[in-house]
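> give me the fold of what follows.
(one chain, ligands or ions: 1)
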Amino acid sequence: MSIASRINVFGMSLAKMEMLMAELGEKPFRAKQLFQWIYQKEIYDFARMSSFNKPLRDKLQAGCEIILPEVVKEQRDPDDGTRKFLVKLHDGNLIEMVLIPVHGRLALCMSSQVGCTIGCKFCATGLLGFKRNLTTGEMLGQLVLARRLAGEIGVANIVLMGMGEPLLNLQNVIHMIEIASSELGISISARKFTISTVGLVKQLRELTKYKLKSGLALSLHAPIQQLRERLVPSAKDNPLDQLIPACRDYIAQAGDRVTLEYIMIAGITDTMECAKALADLTRKLPCKVNLIAYNPIIDDQGTPLAPIRKAKVSVDRHSREGGNPEGGKGGKLKPFTPHDFKPPTIEAIDRFREYLYPRCPAVTFRKAKGLKIAAACGQLVARVTGAPER
Ligand code: SF4
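The predicted structure is shown next:
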């Protein structure tokens with residue numbers, strides 16, 4: 001192996017390390033040692049791997065490297081302590097990860113892609129477009145960085161809810177959780193991870209085959225198929241009557257309940273029609289509902305990326321009239337644009353929540369965190385603005 005083709009071993013599975021050691025003419029147990037040095041002991045310098053003899057250390061030095069992503073900027077929300085990190089990848093691409101304080105502990109919101117192909121209408125990442133999937137190492141790297149940044153408090157939970165759709169990067173996500181949860185690796189239980197998906201039936205069925213015990217969060221956002229299609233472009237090919245059974249099957253093997261993430265948008269998803277449809281839907285699978293107030297899409301200076309205007313016509317009217325007035329009566333409903341969205345009122349949230357509970361077994365309202373630094377749900381865009389603030 002020449003310097004020019006040095007292999008980044010950070011993110012390699014044990015099986016891949018065994019192949020590497022075989023290539024280097026070494027015994028398989030050396031792979032186990034390398035795995036432990038990197039993931040368990042966090043030693044990123046081959047010269048410090050003292051259980052290796054000098055010839056092996058030299059071979060690793062010559063042919064391999066250990067590259068982690070790097071934090072280039074940190075912002076902290078003064079109100080709630082949420083910390084957002086801009087993270088640079090080896091090819092210069094930027095992603096974001098967020099550390100969120102929850103009951104005295106920290107949750108890591110990790111990205112799985114640079115950008116996102118799905119393009120949900122209320123999401124800043126969706127407006128960015130898609131560049132590429134993150135590698136296993138780039139996701140594990142976020143976890144390692146976050147653990148360091150968290151210090152003594154540590155990272156209690158990890159949600160794949162940052163930039164990207166994790167099920168469109170399925171193999172790398174699975175490898176990342178397998179390495180992180182390995183006793184020879186970082187040794188974090190797979191149950192501490194939650195895979196948050198917009199709901200892709202085929203990929204969810206594929207994920208179920210791996211029998212991972214990680215949690216599942218479905219970004220439902222609308223309980224009515226027609227409405228969901230206007231908010232979430234992938235909903236058309238992943239109808240609720242297929243998606244809900246797929247979630248039920250995943251969660252049955254994981255022994256948990258699915259979290260239904262539900263974004264409340266004034267006049268669109270905070271209506272009583274939606275509350276009733278959502279209550280009906282929750283009877284079809286073990287679940288809890290997490291209500292989230294719509295967060296205006298803003299940049300990290302607080303400037304709206306898509307100015308909020310009052311929605312002209314509520315979806316209730318659309319439904320009753322059987323068509324969007326702009327598209328003609330009975331015509332195809334137009335997808336929403338971010339200009340149609342505004343946050344719900346406190347009264348609308350209370351009314352919605354009171355209808356849902358106790359009809360739904362568990363309902364929570366998630367207070368948006370990191371609003372001042374554009375780190376709340378749907379606001380991650382990964383742009384460098386100004387000098388590093390660390
Ligand atoms: S909400 Fe998730 S799936 Fe939808 S565009 Fe944003 S990152 Fe992609």
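> and the residue nearest to residue 39 when sequence neighbours are not counted, what's its pLDDT?
Using CB to CB, 6 or more residues apart in numbering and skipping residues adjacent in sequence, the residue nearest residue 39 is residue 185, 3.8 Å away. In this view, the C-beta of every residue, glycine as well, is placed from N, C-alpha and C. On pLDDT, residue 185 comes in at 95.
> quick one, what contacts residue 185?
35, 36, 39, 40, 179 (CB atoms under 8 Å, 6 or more residues apart in numbering).
> does it sit in a helix, a strand or a coil?
Under the three-state scheme (DSSP: H, G, I helix; E, B strand; the rest coil), residue 185 adopts coil.
> coming back round to it: and which of the contacts of residue 185 is nearest the ligand?
residue 179 (23.4 Å; CB to the nearest ligand atom).
> so who does the closest one touch?
Counting by CB under 8 Å, 6+ apart, residue 179 touches 11, 13, 39, 136, 140, 185, 186.
> give me the mean pLDDT for the helix or strand containing residue 150.
Per DSSP states H and E, residue 150 falls inside helix 136-150. Regarding helix 136-150, the rounded mean pLDDT is 98.
> what's in contact with it?
Residues contacting helix 136-150 (CB under 8 Å, 6+ apart): 8, 10-13, 39, 42, 67-71, 74, 83, 85, 87, 89, 95, 97, 99, 106, 108, 110-112, 154-155, 158, 160, 172-173, 175-176, 179-180, 186, 188.
> please indicate which of those residues are buried?
Those of those that meet the buried threshold are 10-13, 39, 67-69, 71, 83, 85, 87, 89, 95, 97, 99, 106, 108, 110-112, 155, 158, 160, 172-173, 175-176, 179-180, 186, 188, by 16 or more other CB atoms under 10 Å.
> the ligand next: which of the contacts of residue 179 are close?
Near the ligand, taking CB under 6 Å from any ligand atom as the test, no member of the contacts of residue 179 is found.
> would you turn the residues you listed into CSV with distance to residue 194?
Shown next, in CSV, are the contacts of residue 179 (distance: CB to CB, whole Å):
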residue, distance to residue 194
11, 21
13, 22
39, 21
136, 18
140, 16
185, 19
186, 17
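> ok so, going back, what distance do you get for the residue nearest to residue 39 to residue 70?
21 Å (CB to CB, to the nearest Å).
> residues in contact with residue 231?
Neighbours of residue 231 in contact, by CB under 8 Å, 6+ apart: 120, 121, 122, 221, 222, 268, 269, 335, 336.
> specify the beta-bridge partners of residue 290.
residue 261, residue 364 (DSSP bridges).
> where does the prediction get shaky in the stretch 1-150 of the chain?
Counting by pLDDT under 70, the ranges of the stretch 1-150 of the chain that qualify are 1-4.
> what are the ranges of the helices in it?
For the stretch 1-150 of the chain, the helices defined by DSSP state H, counting those that start in this stretch occupy 14-23, 29-35, 54-63, 124-128, 136-150.
> tilt between the first one and helix 54-63?
With axes from the mean of the first three to the mean of the last three CA atoms, to 10 degrees applied, the angle from helix 14-23 to helix 54-63 works out at 110 degrees.
> what's helix 14-23 packed up against?
helix 29-35 (3 or more CB pairs under 8 Å, 6 or more residues apart in numbering; DSSP states H and E).
> re the thing from before, between the helices of the stretch 1-150 of the chain, which gets nearest to residue 197?
helix 124-128 (14.0 Å; CB to CB).
> ok, residue 137 to the ligand distance?
21 Å (CB to the nearest ligand atom, to the nearest Å).
> against residue 115, how distant is that residue?
19 Å.
> looking at these two, which one has more neighbours?
residue 137 (25 against 21; other CB atoms under 10 Å).
> contact residues of the protein facing the ligand?
Residues of the chain lying near the ligand (CB under 6 Å from any ligand atom): 116, 118-120, 123, 125-126, 163-165, 198, 219, 378.
> at 5 Å instead, please
116, 118, 120, 123, 125, 126, 165, 198 (CB under 5 Å from any ligand atom).
> tabulate these in a markdown table, adding columns for neighbour count.
Listed next are the residues of the chain next to the ligand as a markdown table, based on neighbours: other CB atoms under 10 Å:
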| residue | neighbour count |
| --- | --- |
| 116 | 25 |
| 118 | 22 |
| 120 | 22 |
| 123 | 26 |
| 125 | 27 |
| 126 | 24 |
| 165 | 26 |
| 198 | 26 |
